[in-house]
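Visitor: fold the following and give me the result.
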Amino acid sequence: MKLAILDRDGVINHDSEHYIKSPEEWLALPGSLEAIARLSRAGWRVVVASNQSGLARGLFTMETLNAIHAKMRKEAAAAGGSIDAVFVCPHGPDEGCGCRKPEPGLFLDIGRRYDTDLRDVPVAGDSLRDLQAASAAGCSPWLVLTGNGRKTWDKGDLPAGTQVVEDLATAVDAWLQET
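Guide: As a prediction, the model looks like this:
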């Protein structure tokens, strides 16, 4: 089984410093849904791993978050793709949980649920914490320059082996060429 793990905000959809708080605010980045569709057509499982501290902050409810993810999945399906699962950390940054990126808990949970070794599973993220969590879980970190990606790139100090690409579509092109 081929598996790809994607961060949500800044990788699949536009990010906001004020959080994505409603389905109406969730807007796909150009080419991201088509990239997911290409992975799906090639037999890959696509999983989203996302910090969602807006839940802990009271900015939106689980019902609203589920509606946002339903829109994301529906739009991916309309493009011909499938998002197999969405794994979320609902905790705030000061709660000390093991699932909030940069901790690897979300990724380790994905590995257990899919009963798969995470070694070299590609992870696309736009922030340092995405890449650190991926690296800590043994995954292959890929920085996309969308969302916060350019700021992350400019700050440097990326985990060893991090690949840097323009966007999710470019990452997917590389992943599909490797198989």
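
Visitor: and the longest helix for this protein?
Guide: Ranked by residue count under DSSP state H, the longest helix found in the chain is helix 62-78.

Visitor: what's it packed up against?
Guide: Secondary-structure packing of helix 62-78 (3 or more C-beta pairs under 8 Å, 6 or more residues apart in numbering; DSSP states H and E): helix 32-41, strand 44-51, strand 85-89. The way it works is simple: take the backbone N, C-alpha and C, and place the C-beta from them, glycine included.

Visitor: at 7 Å instead, please
Guide: helix 32-41 (3 or more C-beta pairs under 7 Å, 6 or more residues apart in numbering; DSSP states H and E).

Visitor: packing partners of the helix it packs on?
Guide: strand 44-51, helix 62-78, helix 168-178.

Visitor: looking at these, which is buried most?
Guide: Mean neighbour count (mean count of other C-beta atoms under 10 Å) peaks for strand 44-51 among the helices and strands packed on helix 32-41, with a mean of 23.

Visitor: strands paired with that one, and their directions?
Guide: For strand 44-51, the paired strands and their directions (DSSP bridges) are strand 2-6 (parallel), strand 85-89 (parallel).

Visitor: of these, which is nearest residue 50?
Guide: strand 85-89 (5.5 Å; C-beta to C-beta).

Visitor: okay, the strands paired with strand 44-51 in CSV with distance to residue 50 next?
Guide: As requested, these are arranged in CSV below (distance: least, C-beta to C-beta, whole Å):
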stretch, distance to residue 50
strand 2-6, 9
strand 85-89, 5
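
Visitor: columns distance to residue 64 and mean pLDDT on top of those, output as TSV?
Guide: Putting the strands paired with strand 44-51 into TSV (distance: least, C-beta to C-beta, whole Å; pLDDT from 0 to 100) gives the following:
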stretch	distance to residue 64	mean pLDDT
strand 2-6	21	98
strand 85-89	12	98
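
Visitor: got the contact list for residue 60?
Guide: 21, 54 (C-beta atoms under 7 Å, 6 or more residues apart in numbering).
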